[in-house]
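Colleague: Kindly generate the corresponding structure for this input.
(one chain, ligands or ions: 2)
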Amino acid sequence: MRTAYTADQIRAAEHALMARLPEGTLMQRAAAGLAAVCATALGRVYGSRVALLVGGGDNGGDALYAGALLARRGARVEAVLAGSRTHERGLEAYLLAGGRVAGVMAVERADLVVDGLVGIGATGALREPYAELARAANAAPALTVAVDVPSGVDASSGRVAGAAVEAQITVTMGAPKTGLLVDPGAARAGAVELVDIGLGPYLPAPDVTALTGADVADLLPRPATESDKYRRGVVGIAAGSDLYTGAAVLAVGGALRAGAGMVRHVGQHAPVAQVRSHWPEAVVTELERPSIDGVGRVQAWVLGPGLGTGAWAHEVAASVLASDVPVLVDADALTLVSRDRSLLRRTAPVLVTPHAGELSRLIGAGRAEIEAGRLEHARAAAAELGVTVLLKGSTTVVAEADRPVRVNATGTSWLATGGTGDVLAGVSGALLAQGLDCYDAASCAAHLHGLAGRIAADGAPLNAADVAAAIPEAIRRVHDEG
Ligand SMILES: NC(=O)C1=CN([C@@H]2O[C@H](COP(=O)(O)OP(=O)(O)OC[C@H]3O[C@@H](n4cnc5c(N)ncnc54)[C@H](O)[C@@H]3O)[C@@H](O)[C@H]2O)[C@@H](O)CC1
Ligand SMILES: [K+]
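Modeller: Numbers count the residues shown, from 1 in each chain. Ligands and ions are numbered 1, 2, ... in the order given. Here you go, the predicted model:
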């Protein structure tokens with residue numbers, strides 16, 4: 001399990017650790033780790049050109065001490081001082097080692113830029129001249145290594161409010177920060193390298209977590225020898241309408257590939273016919289009236305892909321949500337519940353799987369605002385609606401009351417294409433039907449779906465059916481990792 005922490009959590013842990021160590025020890029550890037990563041990235045330190053962007057706080061101190069280490073190894077190091085003050089001892093050590101102070105031109109001629117403008121002590125958008133220096137680093141041909149977090153990225157949320165450094169590598173001190181795992185911040189961080197400064201024993205419960213493949217392998221149910229299709233879990237899929245048939249085919253496909261014992265599709269005539277012809281394995285029921293009464297027992301429902309948003313769909317949604325099993329609410333069903341919240345009044349679990357636009361209708365926040373602050377909006381929605389929320393997007397996050405948000409790191413932008421959400425709904429539903437709770441089902445499904453997207457894309461466009469077809473390979477890979 002990967003874990004990440006807010007700036008406040010890190011600061012508290014640092015204080016506890018610092019109280020037991022001679023002054024300056026932590027910064028020395030941080031700088032040594034930072035210099036080592038820079039040296040590896042440079043390949044040859046002697047004779048290379050390094051520019052340091054140095055802010056007025058300890059983040060700048062880290063950069064200066066690391067710059068001193070690189071200067072001692074023969075690098076030509078130039079520091080651009082951005083703050084009205086500069087870490088005094090760091091600057092002394094740096095100058096003593098042969099480092100120089102320079103203007104912004106240093107950035108243009110550097111092989112490597114070290115971004116030590118701000119770290120966890122930043123407040124709000126970068127002010128000048130910090131913002132200008134961040135832009136200069138982004139425009140320069142050099143490799144950029146960010147100290148702790150890319151300056152301009154909020155360490156606790158991943159928000160980017162103005163100019164922000166786009167790093168190829170971020171060397172983070174003590175423990176990863178939440179903003180390095182959540183977009184838009186995560187996209188600015190590049191590869192994240194952790195420097196162990198001894199913070200481990202002082203860290204609290206994490207703010208966010210990310211499942212590794214091995215974690216997913218542990219959580220996934222494996223059929224036992226005595227399993228039969230009913231014990232392995234029957235997933236019901238209430239999807240498709242005479243207008244929209246493809247979504248049902250894709251959701252059923254996702255569910256079939258993710259290990260459900262049986263998939264039962266219910267819907268109108270056209271989608272039922274499509275599902276029957278695509279998936280002879282599925283059991284289909286054409287609904288004569290908008291109700292699931294009498295269609296047979298299922299362990300979990302997927303509700304919504306292509307269902308429509310009219311009166312018929314509303315009746316189907318009410319009937320599915322009146323059941324006593326977990327329900328995944330997706331796509332058109334999200335529109336239905338945002339119009340009629342009373343549909344969500346039930347005791348069995350609910351998992352909602354919106355993208356930012358759908359979440360904006362559900363909780364009345366702006367779409368851009370949700371994209372900018374994915375974590376806080378997913379958390380707020382989970383609390384307000386009393387459900388588990390899987391918020392899709394460039395970083396998929398899963399939020400549930402009283403649990404750390406799970407962030408998915410496997411996705412690829414190739415997945416941003418029509419129908420992939422229907423596949424995700426099917427995969428999640430199959431995991432719910434196999435007995436995973438909403439939180440685990442959603443986070444495992446997001447992991448497998450992202451991995452399947454990478455396998456299917458392999459550097460080129462994919463379609464949603466390819467993603468469903470790659471789910472078994474994704475499952476094999478997580479088991480290999482486990
Ligand atoms: N506390 C410790 O023991 C350790 C701290 N470390 C480093 O110290 C950093 C935190 O240091 P600080 O608490 O001094 O804070 P920072 O250095 O992150 O930021 C504070 C400085 O940035 C300026 N600033 C803040 N927001 C700004 C904005 N929006 N635009 C322009 N300037 C802004 C402030 O005026 C101040 O000079 C960590 O991120 C890490 O890099 C590491 O050395 C590990 C040990
Ligand atoms: K930084």
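
Colleague: so does stretch 110-127 get close to ligand 1?
Modeller: Yes - on the criterion Cβ under 6 Å from any ligand atom, stretch 110-127 is in touch with ligand 1 at 118-127. Heads up, the C-betas are built off the backbone N, CA and C, glycines and all.

Colleague: So among these, which ones count as buried?
Modeller: Neighbour counting by 16 or more other Cβ atoms under 10 Å classes 118-120, 122, 126 among those as buried.

Colleague: How about A318: what's its closest non-neighbour residue?
Modeller: L343 (6.1 Å; Cβ to Cβ, 6 or more residues apart in numbering).

Colleague: wait, isn't the one you found in contact with V316?
Modeller: No - look at L343 against V316 with Cβ atoms under 8 Å: they stay out of range, at 10.9 Å.

Colleague: For these two, indicate the residue with more neighbours.
Modeller: Using other Cβ atoms under 10 Å as the criterion, L343 and V316 rank with V316 on top: 28 against 21.

Colleague: on that earlier part again, in the residues of stretch 110-127 next to ligand 1, find the pair that's most separated.
Modeller: Distances among the residues of stretch 110-127 next to ligand 1 were taken as Cβ to Cβ; the most separated pair is I120 and R127, at 16.8 Å.

Colleague: how about the helices in the stretch 201-350 of the chain?
Modeller: In the stretch 201-350 of the chain, the helices defined using DSSP state H, counting those that start in this stretch lie at 213-219, 246-257, 269-278, 311-321, 332-339.

Colleague: Could I get these in TSV, plus columns for distance to E166 and mean pLDDT?
Modeller: What follows is the helices of the stretch 201-350 of the chain, written out as TSV (distance: least, Cβ to Cβ, whole Å; pLDDT from 0 to 100):
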stretch	distance to E166	mean pLDDT
helix 213-219	28	97
helix 246-257	34	98
helix 269-278	43	97
helix 311-321	43	98
helix 332-339	33	98
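
Colleague: right, so those helices: which one is the most enclosed?
Modeller: Comparing the helices of the stretch 201-350 of the chain by mean neighbour count (mean count of other Cβ atoms under 10 Å), helix 246-257 comes out on top with a mean of 30.

Colleague: Quick one, grab the pLDDT at the nearest residue to A167 once chain neighbours are set aside.
Modeller: Closest residue to A167 apart from its sequence neighbours, by Cβ to Cβ, 6+ apart: A146 at 3.7 Å. Note for A146: predicted pLDDT of 99.

Colleague: What parts of this structure come near ligand 1?
Modeller: For the chain, the contact set with ligand 1 under Cβ under 6 Å from any ligand atom comprises 14, 18, 26-27, 30, 55-60, 62, 83, 118-127, 130, 147-148, 173, 197.

Colleague: List the contacts of L211.
Modeller: Shown in contact with L211 (Cβ atoms under 8 Å, 6 or more residues apart in numbering): 1-2, 219, 406, 408, 443-444, 447.

Colleague: Next: Y46.
Modeller: Y46 makes contacts with 73-75, as judged by Cβ under 8 Å, 6+ apart.

Colleague: could you redo these as a markdown table and give each row secondary structure, pLDDT and neighbour count?
Modeller: Output for those, formatted as a markdown table (DSSP: H, G, I helix; E, B strand; the rest coil; pLDDT from 0 to 100; neighbours: other Cβ atoms under 10 Å):
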| residue | secondary structure | pLDDT | neighbour count |
| --- | --- | --- | --- |
| R73 | coil | 98 | 16 |
| G74 | coil | 98 | 13 |
| A75 | coil | 98 | 26 |
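
Colleague: Next, format these as JSON lines and append distance to T335.
Modeller: Below are those laid out as JSON lines (distance: Cβ to Cβ, whole Å):
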{"residue": "R73", "distance to T335": "60"}
{"residue": "G74", "distance to T335": "63"}
{"residue": "A75", "distance to T335": "58"}
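
Colleague: Tell me which other helices or strands the longest helix along the chain touches.
Modeller: Longest helix of the chain, by residue count under DSSP state H: helix 438-457. For helix 438-457, the contact count by 3 or more Cβ pairs under 8 Å, 6 or more residues apart in numbering; DSSP states H and E identifies helix 213-219, strand 350-352, strand 388-391, strand 397-399, strand 405-407, helix 420-433, helix 464-481 as packing neighbours.

Colleague: Swap in 7 Å and give it another go.
Modeller: helix 213-219, strand 350-352, strand 388-391, strand 397-399, helix 420-433, helix 464-481 (3 or more Cβ pairs under 7 Å, 6 or more residues apart in numbering; DSSP states H and E).

Colleague: Is A51 in a helix, a strand, or coil?
Modeller: strand (DSSP: H, G, I helix; E, B strand; the rest coil).

Colleague: what does D115 give?
Modeller: Per three-state DSSP, the secondary structure class of D115 is strand.

Colleague: what about it, how many neighbours?
Modeller: 34.

Colleague: cool, and G426?
Modeller: By other Cβ under 10 Å, the residues close to G426 number 35.

Colleague: Let's see the pLDDT reported for it.
Modeller: 98.

Colleague: Over to the one 10 residues further on?
Modeller: Per-residue confidence at L436 stands at 97 (pLDDT).

Colleague: so who does it touch?
Modeller: 219, 444 (Cβ atoms under 7 Å, 6 or more residues apart in numbering).

Colleague: now do G124
Modeller: Counting by Cβ under 7 Å, 6+ apart, G124 has contacts A161.

Colleague: From L334, how far out is it?
Modeller: 33 Å (Cβ to Cβ, to the nearest Å).

Colleague: L321 contacts L343, correct?
Modeller: Yes - with contact defined as Cβ atoms under 7 Å, L321 reaches L343; the gap is 5.2 Å.
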